[in-house]
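Colleague: below are the sequence and a predicted model; questions follow.
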Amino acid sequence: MGTNYQYRRQLLALDDDQLEEFVRQWALKKTEYAEVERFTGTGDMGRDVVGFLSSQRHEGAWHNYQCKQYGRTLPTDTGISELGKVLYYSFKGEFTAPEKFFFVAPRGINRNLKSLIFKLSKFKTTMIDEWGKYCANAIVE
């Protein structure tokens, strides 16, 4: 068996906490980040691992890594609600909106979510038109 298969099996075996820590360790190796922070537990506002591009942290440019370790592909409702959380809290002034938002889902994302991601205008329309369905109840408080 090839090395890629071994890595894939190891990633699939990680629990949620281990996946987030793996992504944090990986992000620390990226030279573009001035700092990397992991947010855990309730109140993370949709951020699992953040790569800050400057010392301004959340007042400057940053990238968000949303880690999801499921037994199946990442569902549409989860993907939209996680992005909705980050947009909601950036709208509320908790932080600037991230320049980039990455899903880290070792089993991939479902076909519908992938279709929305590849057609951003449809993703935007779906998020706005179906905010109540996907996001309103996913945001705590």
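Modeller: In hand now; what should we look at?
Colleague: can you map out the strands along this structure?
Modeller: 35-38, 49-52, 62-67, 100-104 (DSSP state E).
Colleague: redo these as CSV? Include mean neighbour count and distance to residue 15.
Modeller: For glycine as for every other residue, the C-beta is placed from the backbone atoms N, C-alpha and C. CSV is the format used below for those (neighbours: other C-beta atoms under 10 Å; distance: least, C-beta to C-beta, whole Å):
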stretch, mean neighbour count, distance to residue 15
strand 35-38, 17, 15
strand 49-52, 24, 15
strand 62-67, 23, 11
strand 100-104, 16, 14
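Colleague: save those as a markdown table, and put in mean pLDDT too.
Modeller: Converted to a markdown table, these look like this (pLDDT from 0 to 100):
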| stretch | mean pLDDT |
| --- | --- |
| strand 35-38 | 98 |
| strand 49-52 | 98 |
| strand 62-67 | 97 |
| strand 100-104 | 96 |
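Colleague: surely residue 113 touches residue 68?
Modeller: No - using C-beta atoms under 8 Å, residue 113 makes no contact with residue 68, being 11.0 Å away.
Colleague: okay, and the common contacts of the two?
Modeller: residue 74 (C-beta atoms under 8 Å, 6 or more residues apart in numbering).
Colleague: rewinding a little: which one, of the strands of the chain, ends up nearest to residue 19?
Modeller: Comparison of these against residue 19 by C-beta to C-beta identifies strand 62-67 as nearest, at 4.8 Å.
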